[in-house]
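Colleague: return atomic coordinates for the entry below.
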Amino acid sequence: MSRYEKLLEVRKLHKYYSKDVVSTKALNGISFDVLKGEYLGIMGASGSGKTTLLNCIATVIKPTSGQILLSGVDISSFDGTKLSEYRGNKIGYLFQDFALLDNLTGKENILLPLSIHNVAMVTAEKKLNEIASFLGITDVLSKLPSQMSGGQKQRVAAARCLISDPDIILADEPTGALDTKAARLLMEKLSEINQKEEHTILMVTYDPNAASFCSRILFIQDGVIFHELRRNIFEETREDFYSRILQVMAQLGGGSANVL
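Modeller: Numbers count the residues shown, from 1 in each chain. All right, here's what the predicted structure looks like:
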């Protein structure tokens, strides 16, 4: 598979929530592709459906209808062993609130996915040392989450996400609980992972600073795509892209789908 082939395909995805006789449409037939090696951002107001979308791709929730295909395979057909393999090896999930286990050290948290899948300790340790060095968290591997800063926790969470070498990284508001300095460091590391290692990243964010590191952004409103914004990597600075993101965010009150 080349860098420009489709890795993830979302086709006419619907998700309805029903309570009593009232039905709420979180996703209303959204369709898009994610290319191998792409860094795609999903933006939208609270309630627009962006986190629901991410959770459908992660198989945390089941869509009402539509398809999600990873490398051409419909993930809705997965159950048992296939579903476990998909969650453990095909995707990496980076949570806003870190989702670290409080009674485990940084090292133990990072190695947990490999332990569950019975990866040999020699292999696991080698991967751990490489990722910890790259993310700058070697000094917190022996610490519990309560002894770490927010930025350190999120980088430990990122290491846990990466250690299984997933096909795609799903990031849900990864800078939401971080201060400005820690957020920038995390985004620089994710950008480096995308550009140098060609890891595919799908990130949900409300933060235009975080979004400016992406190569493409989909703005969703009421469960459908409202705008699509592409960055010219070779000619456009991140600061210029940030300005265009702010312009689109200001337009989110109306209009139709456009590529700017």
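Colleague: burial count for Ala159?
Modeller: When neighbours are defined as other Cβ atoms under 10 Å, Ala159 has 24 of them. In this view, the C-beta of every residue, glycine as well, is placed from N, C-alpha and C.
Colleague: least confident secondary structure element in this protein?
Modeller: The weakest-scoring helix or strand in the chain, judged by mean pLDDT, DSSP states H and E, is helix 80-85 (a mean of 84).
Colleague: spell out the residue ranges of the helices in the stretch 151-260 of the chain.
Modeller: 180-197, 208-211, 238-250 (DSSP state H, counting those that start in this stretch).
Colleague: what would the ones you listed look like in JSON lines with mean pLDDT?
Modeller: Below are the helices of the stretch 151-260 of the chain laid out as JSON lines (pLDDT from 0 to 100):
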{"stretch": "helix 180-197", "mean pLDDT": "93"}
{"stretch": "helix 208-211", "mean pLDDT": "95"}
{"stretch": "helix 238-250", "mean pLDDT": "94"}
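Colleague: for Phe95, which of those helices is the nearest?
Modeller: helix 180-197 (12.7 Å; Cβ to Cβ).
Colleague: so where's the stretch 1-150 of the chain uncertain?
Modeller: Counting by pLDDT under 70, the stretch 1-150 of the chain contains low-confidence ranges at 1-4.
Colleague: residue boundaries of the helices in it?
Modeller: Assigned by DSSP H, counting those that start in this stretch, the helices in the stretch 1-150 of the chain fall at 50-57, 80-85, 106-116, 121-135, 150-162.
Colleague: need the ones you listed in TSV with distance to Leu141, can you?
Modeller: Formatted as TSV, these follow (distance: least, Cβ to Cβ, whole Å):
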stretch	distance to Leu141
helix 50-57	28
helix 80-85	27
helix 106-116	4
helix 121-135	6
helix 150-162	8
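Colleague: which of those helices sits closest to Gly92?
Modeller: Using Cβ to Cβ, the helices of the stretch 1-150 of the chain put helix 150-162 closest to Gly92, at 3.7 Å.
Colleague: elements contacting the closest one?
Modeller: The contact analysis (3 or more Cβ pairs under 8 Å, 6 or more residues apart in numbering; DSSP states H and E) places helix 150-162 against strand 91-94, helix 106-116, helix 121-135, helix 180-197.
Colleague: most tightly surrounded among those?
Modeller: Burial of the helices and strands packed on helix 150-162 is given as mean neighbour count (mean count of other Cβ atoms under 10 Å); strand 91-94 ranks first at a mean of 22.
Colleague: elements contacting that strand?
Modeller: By 3+ Cβ pairs under 8 Å, 6+ apart, strand 91-94 packs against helix 150-162, strand 168-172.
Colleague: so which of these gets nearest Leu229?
Modeller: Comparing the helices and strands packed on strand 91-94 under Cβ to Cβ, the one sitting nearest is strand 168-172, at 17.8 Å.
Colleague: which residues are contacting the closest one?
Modeller: If you take Cβ atoms under 8 Å, 6 or more residues apart in numbering as the criterion, strand 168-172 is touched by 7-8, 34, 51, 54, 57-58, 70, 90-96, 161-162, 190, 193, 199-205.
Colleague: related to what we said a few turns ago, quick one: which of the helices and strands packed on strand 91-94 is nearest Ile245?
Modeller: strand 168-172 (16.7 Å).
Colleague: could you check the angle the closest one makes with helix 50-57?
Modeller: Inter-element angle recorded for strand 168-172 and helix 50-57: 150 degrees (by axes from the mean of the first three to the mean of the last three Cα atoms, to 10 degrees).
Colleague: any idea how far Pro145 is from Asn103?
Modeller: Going from Asn103 to Pro145 by Cβ to Cβ, to the nearest Å gives 9 Å.
Colleague: give me the more crowded residue out of the two.
Modeller: For Asn103 versus Pro145, neighbours defined as other Cβ under 10 Å are more numerous around Pro145 (20 against 10).
Colleague: and the more buried one, what does it touch?
Modeller: Contacts of Pro145 (Cβ under 8 Å, 6+ apart): 98, 100-102, 104, 106, 109, 153, 156.
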